[in-house]
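A.B. asks: Here is a sequence with its predicted model. Questions after.
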Amino acid sequence: MNLHDVPMVLFTVVTQMSVGTFIALGVIQLLARHRDLTTTERVISPVLYAVGPALVFGLAVSMLHMNDVTHVFNVIRHWDSSWLSREILFGVAFGAFGFGFALLEWFGAGSRALRQTIAIVTAVLGIGLVWSQAMVYYSLVTVPAWHTWAVPVQFFTTTVLLGVLAVGGAMMVTAQVRAKRAAADLADPSEAPSDVAAPPEQPAGSGGGLAVLVRSRIREINAPSTGAEWTLTARVLKGIAVVGSVAAITILVVYPLYLGQLGQGDAAAQTSAAVFSGTMFWLRLVLTGLTAVLLGFFVYRMAESTMPTRSRLLADLVLLCLLLAVVGELLGRALHYSAMTRVGM
């Protein structure tokens, strides 16, 4: 892989993780709609605020792929004929709507119907972003390694795998922060806030009303979890373990089919297939396989029996799965770019 492609590796993986995280949160909220709304929001809302920064990072990194970032304005002019233009437009729109939704959720502004509508639009834009990314490569008929069904399958599988694991990781980090708050409140009850939802009086020089609202919202988010919240968290983790392991196994199944197709192709296709034979490829498979095993056999079982006060090991395991999956997908995307061999060249 050329170092020139590193920004695109980071951009595609990070944005797909952001899209997957947002959609996973929407699915969780939909499935948990029969539960207490406050409990559901307390479990999933903190995850939402991590999606925006990740997407902004991905979009910023992608600009490094251009020698002159002002060229982006020329790129988007051809949205009616270019998948690259559509990718940029979907990415900017997804980021803008996602930021707007997160802002409304943070301050509880607007009606619930308005926020749900914006969330649905954001999710659709996210799907459009991933599809556009896949079609940028699929549309290059002179590159056999890219002009194949495997590219959109791989991109959407990355979206699902990293999306659900990012949700699980953020949920467990939040649970640990709340557990520490609960322990601190137990050690010194006088430090426990009597009403985390009500902002304190604004002291002099505190930074204004907005700062007070932000600090109050942070205290509210970090308040100790209730039993109902942990029960929902554990059930969500079980679902994440199932979906994540299935996505990881799908990646492992796709590769033999994909490589078999390349092996039966022309000289360019066979040259591309040879890329998937070195140490990087096998490490990618090992990391993905280990992710599937840890999720399916350990995270799923531990989520059933772990108590909130003893959830550190479970949190570390979920974060380890996220790390393994991210590294594996980065390696897989690097192989994707390394396999670019044009017909006749």
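C.D. replies: Everything's here; your move.

A.B. asks: make it CA atoms for all contacts and neighbour counts henceforth
C.D. replies: Noted.

A.B. asks: now the helix or strand hosting S245, how far from the chain's geometric center?
C.D. replies: Element membership for S245 (DSSP states H and E) is helix 227-263. Computed by C-alpha atoms, centre = their mean, to the nearest Å, the chain-centroid distance of helix 227-263 equals 13 Å.

A.B. asks: Just the buried positions in the following helix or strand past that helix, please.
C.D. replies: Going down the chain from helix 227-263, the next helix or strand is helix 267-275, by DSSP H and E. Within helix 267-275, the residues scored as buried using 16 or more other C-alpha atoms under 10 Å are 267-273, 275.

A.B. asks: same deal with stretch 95-105?
C.D. replies: By neighbour count with 16+ other C-alpha under 10 Å, stretch 95-105 contains the buried residues 95, 97-102, 104-105.

A.B. asks: One more: stretch 240-259?
C.D. replies: Applying 16+ other C-alpha under 10 Å to stretch 240-259 flags 240-252, 258-259 as buried.

A.B. asks: Throw the buried residues of stretch 95-105 into JSON lines and include pLDDT and secondary structure, thanks.
C.D. replies: Formatted as JSON lines, the buried residues of stretch 95-105 follow (pLDDT from 0 to 100; DSSP: H, G, I helix; E, B strand; the rest coil):
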{"residue": "G95", "pLDDT": "84", "secondary structure": "helix"}
{"residue": "F97", "pLDDT": "88", "secondary structure": "helix"}
{"residue": "G98", "pLDDT": "85", "secondary structure": "helix"}
{"residue": "F99", "pLDDT": "83", "secondary structure": "helix"}
{"residue": "G100", "pLDDT": "86", "secondary structure": "helix"}
{"residue": "F101", "pLDDT": "86", "secondary structure": "helix"}
{"residue": "A102", "pLDDT": "82", "secondary structure": "helix"}
{"residue": "L104", "pLDDT": "85", "secondary structure": "helix"}
{"residue": "E105", "pLDDT": "81", "secondary structure": "helix"}
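
A.B. asks: I221 is in what secondary structure piece?
C.D. replies: Here I221 is assigned to helix 209-222, by DSSP H and E.

A.B. asks: how about that helix as CSV, C-alpha atoms only?
C.D. replies: C-alpha atoms of helix 209-222 as CSV (Å, rounded to 0.1, in the frame of the first residue of the first chain):
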residue,chain,number,x,y,z
GLY,A,209,-25.3,30.0,31.4
LEU,A,210,-24.2,27.7,28.7
ALA,A,211,-21.3,26.4,30.7
VAL,A,212,-23.6,25.8,33.7
LEU,A,213,-26.0,23.8,31.4
VAL,A,214,-23.1,21.7,30.0
ARG,A,215,-21.7,20.9,33.5
SER,A,216,-25.1,20.0,34.7
ARG,A,217,-25.6,17.7,31.7
ILE,A,218,-22.3,16.0,32.4
ARG,A,219,-23.2,15.4,36.0
GLU,A,220,-26.5,14.0,34.9
ILE,A,221,-24.9,11.6,32.4
ASN,A,222,-22.3,10.4,35.0
